[in-house]
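Trainee: Structure for the following, please:
(chains A, B, C and D)
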Protein chains: 2
Amino acid sequence: MRGLLDLQLSRELAEESGFSDADYDVLSSVSESSDHRIRFTDLARRMLWSRSRLSHQITRMQQRGLIDREEHPADGRGTVVVLTDLGWNAIQAAAPAHVASVRRHLIDQLSRQQIEALGDIAEAVVRHLSVECDTERR
Amino acid sequence: MRGLLDLQLSRELAEESGFSDADYDVLSSVSESSDHRIRFTDLARRMLWSRSRLSHQITRMQQRGLIDREEHPADGRGTVVVLTDLGWNAIQAAAPAHVASVRRHLIDQLSRQQIEALGDIAEAVVRHLSVECDTERR
DNA sequence: CGGAGCTAGTTGACATGTCATCAAAGTGTA
DNA sequence: TACACTTTGATGACATGTCAACTAGCTCCG
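Mentor: Okay, the predicted model is just below:
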């Protein structure tokens, strides 16, 4: 299910908006942050990405004008990732079609009960894994 | 759920056996084929991989002695992918721990009803997407 | 037969991801 | 303060994935 679904969704995303999964995930994560800006490390953690991977991706998206970097006002080491106007327009333009894809290929294929069950399943697994990660980090 | 689960499973797989997801998937797919051999393209289709990606991966695994290439007896263009003894031993050694990881982080976190529900969900989505792919290929 | 068009698999160039390392800046403690 | 230690983010080398040719062998039909 995961393999097929990922293939179909990323194919449609690329066709309709020209974005890769990585592009879209970054844009949508930043756009969900208040003021369209978020601390670099917080973004990496939220996306479950390594800082290295995110740094490379941000560099590429910066070159395309979708994202900007700013200095962190309080922490001299810090970088703040900011959505540009171009990036904001792009994610707004891309989102409806992508949401429709997800609805069409996943949501609409399931009953109301199944959607609810899937939510519960995800919640259980995520709770377990969050604990797991914490204990390992000790 | 997917992100966390993938991270945890591939981390444990790498720690316990030294294999990447890609390595493991290839080994297990080939080992499930009769006589431990399978036509190149059939393997690519089964794994939902492009032939190019598979070709590169097989090349690397061949260099490590896990996999062999043979000529197809009937089709002069064909390549048959074969598990070596080394590959067979490696996947046999790696499988139990990986299966245990999946059980621990997914199966054991769910009730019997949830496991069944997840199966039905996957079946529904896969059926839909299989049809989808067929119609697009026309 | 023979040639047009298809399919199989490989290859190289380029895009992306991972890993180890580094410099700069923060934190804690004597 | 001063020093060891941690955290942050960037970077370069290398591993892996994607895409567009390309060769070789199949198939079909005149």
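Trainee: Could you pull out the helices in chain A for me?
Mentor: A:2-17, A:21-31, A:40-47, A:51-63, A:85-105, A:112-137 (DSSP state H).
Trainee: And these: which comes nearest residue B:78?
Mentor: Relative to residue B:78, the nearest member of those by Cβ to Cβ is helix A:2-17, separated by 24.5 Å. Heads up, the C-betas are built off the backbone N, CA and C, glycines and all.
Trainee: Now do the closest one and helix A:85-105, the angle between them.
Mentor: Using axes from the mean of the first three to the mean of the last three Cα atoms, to 10 degrees, the direction of helix A:2-17 lies 130 degrees away from that of helix A:85-105.
Trainee: do you know how far whatever residue of chain A ends up closest to DNA strand D is from residue B:27?
Mentor: Nearest to DNA strand D, among the residues of chain A, is residue A:41, at 2.8 Å (Cβ to the nearest atom of the strand). Separation of residue A:41 from residue B:27 (Cβ to Cβ, to the nearest Å) stands at 36 Å.
Trainee: got a pLDDT number for the residue in chain A that DNA strand C sits nearest to?
Mentor: Closest to DNA strand C within chain A is residue A:76: 2.8 Å, counting by Cβ to the nearest atom of the strand. pLDDT for residue A:76: 93.
Trainee: Is there proximity between stretch A:6-24 and chain B?
Mentor: Yes: applying Cβ under 8 Å from any Cβ of the partner chain, one finds that stretch A:6-24 is in contact with chain B at A:7, A:8.
Trainee: pLDDT of that stretch, averaged?
Mentor: So the average pLDDT for stretch A:6-24 ends up being 97.
Trainee: hang on, the earlier thing: find the nearest non-adjacent residue to the residue of chain A closest to DNA strand D, please.
Mentor: residue A:51 (6.4 Å; Cβ to Cβ, 6 or more residues apart in numbering or on different chains).
Trainee: shouldn't that neighbour be in contact with residue A:39?
Mentor: No: judged on Cβ atoms under 8 Å, residue A:51 makes no contact with residue A:39 at a distance of 11.3 Å.
Trainee: Comparing these two, which shows the higher neighbour count?
Mentor: Using other Cβ atoms under 10 Å in any protein chain shown, the more surrounded residue of residue A:51 and residue A:39 is residue A:39, with 16 against 13.
Trainee: beta partners for the more buried one?
Mentor: Taking DSSP bridges as the rule, residue A:39 bridges to residue A:80.
Trainee: for it, what are its contacts?
Mentor: A:72, A:78, A:79, A:80, A:81 (Cβ atoms under 8 Å, 6 or more residues apart in numbering or on different chains).
Trainee: just residue A:132 next, same as before
Mentor: Going by Cβ under 8 Å, 6+ apart, residue A:132 touches B:8, B:105.
Trainee: Local confidence estimate at it?
Mentor: For residue A:132, the model assigns a pLDDT of 74.
Trainee: For the residue positioned nearest the centre of chain A, give its distance to chain B.
Mentor: What sits nearest the mean C-alpha location of chain A, by Cα atoms, centre = their mean, is residue A:25, with 2.7 Å. Taking Cβ to the nearest Cβ, to the nearest Å as the measure, residue A:25 falls 10 Å from chain B.
Trainee: now the worst-scoring helix or strand of chain A on mean pLDDT and helix B:2-17, what's the angle there?
Mentor: Lowest by mean pLDDT, DSSP states H and E among the helices and strands of chain A is helix A:112-137, with a mean of 88. If you take the same axes, to 10 degrees, helix A:112-137 sits at 50 degrees to helix B:2-17.
Trainee: and chain A, which of its residues are near chain B?
Mentor: Counting by Cβ under 8 Å from any Cβ, chain A comes close to chain B at A:1-5, A:7-8, A:48, A:105-106, A:109-110, A:114, A:117-118, A:120-122, A:124-126, A:128-130, A:132-133.
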